[in-house]
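The amino acid sequence is not available; the structure is as follows:
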């Protein structure tokens, strides 16, 4: 139990489907992140939310749409994905001070996405 | 942009041998963190280094932060099969910026 819960753990979808990944953290942290991990690339930062406000969007295609309704929940909405989007999507949270980021990341177990 | 490079990409050792992974940044870092990801698992935080030349130990693991704060290393003494996994370094150029991860070093250990 990491304190960061991701659902679903596995997802298979077609290129025309719309699905969402969910992340919930029970650690009282104020920053949440989406990372993409594929066989070819290292952990790629996708989005950062600090105090529910998106503070970074790392040139992610618009077919990925994040939503952060409160500091404990983070969603990644998926639509018209491509097969190359198949990867492990990791959510993480951290306790960041308002003036900067110093805390370590607590990762969830990830959602393994396969796009057919 | 900031890049964090890690070598080697893969390392296989016999149980009991030592192992070292190296991390180099294109820019000076405010701090560096190390994570371990077991096969099929998720990254787990190991340690953070902040000061120039800092050395920290966790049992058989020794972490170093270079004097110029641009490189770091993780050394494991007398590896065990439980050390198997991928070790990532991650650095921040300055407070307020996101962590940039290296590609990781995947360690395999045979008994």
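On my side now, so go ahead. Quantities reported herein were computed from a predicted structural model and do not represent experimental measurements. Numbers count the residues shown, from 1 in each chain, chains lettered A, B, ... in the order given.

residues of stretch B:99-109 that come out buried?
B:99-107, B:109 (16 or more other Cβ atoms under 10 Å in any protein chain shown). C-beta: built from backbone N, CA, C; applies to glycine.

repeat for stretch B:12-25
By neighbour count on 16+ other Cβ under 10 Å, the buried set for stretch B:12-25 is B:19, B:21-25.

do stretch A:34-51 as well
For stretch A:34-51, using 16+ other Cβ under 10 Å, the buried residues are A:34-37, A:42-50.

could you dump these to JSON lines with secondary structure and pLDDT?
Shown next, in JSON lines, are those (DSSP: H, G, I helix; E, B strand; the rest coil; pLDDT from 0 to 100):
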{"residue": "A:34", "secondary structure": "strand", "pLDDT": "95"}
{"residue": "A:35", "secondary structure": "strand", "pLDDT": "95"}
{"residue": "A:36", "secondary structure": "strand", "pLDDT": "96"}
{"residue": "A:37", "secondary structure": "strand", "pLDDT": "96"}
{"residue": "A:42", "secondary structure": "coil", "pLDDT": "77"}
{"residue": "A:43", "secondary structure": "coil", "pLDDT": "90"}
{"residue": "A:44", "secondary structure": "strand", "pLDDT": "91"}
{"residue": "A:45", "secondary structure": "strand", "pLDDT": "91"}
{"residue": "A:46", "secondary structure": "strand", "pLDDT": "93"}
{"residue": "A:47", "secondary structure": "strand", "pLDDT": "92"}
{"residue": "A:48", "secondary structure": "strand", "pLDDT": "90"}
{"residue": "A:49", "secondary structure": "strand", "pLDDT": "90"}
{"residue": "A:50", "secondary structure": "strand", "pLDDT": "83"}
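
Point out where chain B drops to low pLDDT.
For chain B, the stretches with pLDDT under 70 are B:95-96.

Enumerate the residues of it near chain A.
Residues of chain B lying near chain A by Cβ under 8 Å from any Cβ of the partner chain: B:31, B:33, B:35, B:41-45, B:48, B:88, B:90, B:92, B:94-104.

Which among the residues you listed count as buried?
If you count burial by 16+ other Cβ under 10 Å, the buried members of those come out as B:31, B:33, B:35, B:42-43, B:45, B:48, B:88, B:90, B:92, B:98-104.
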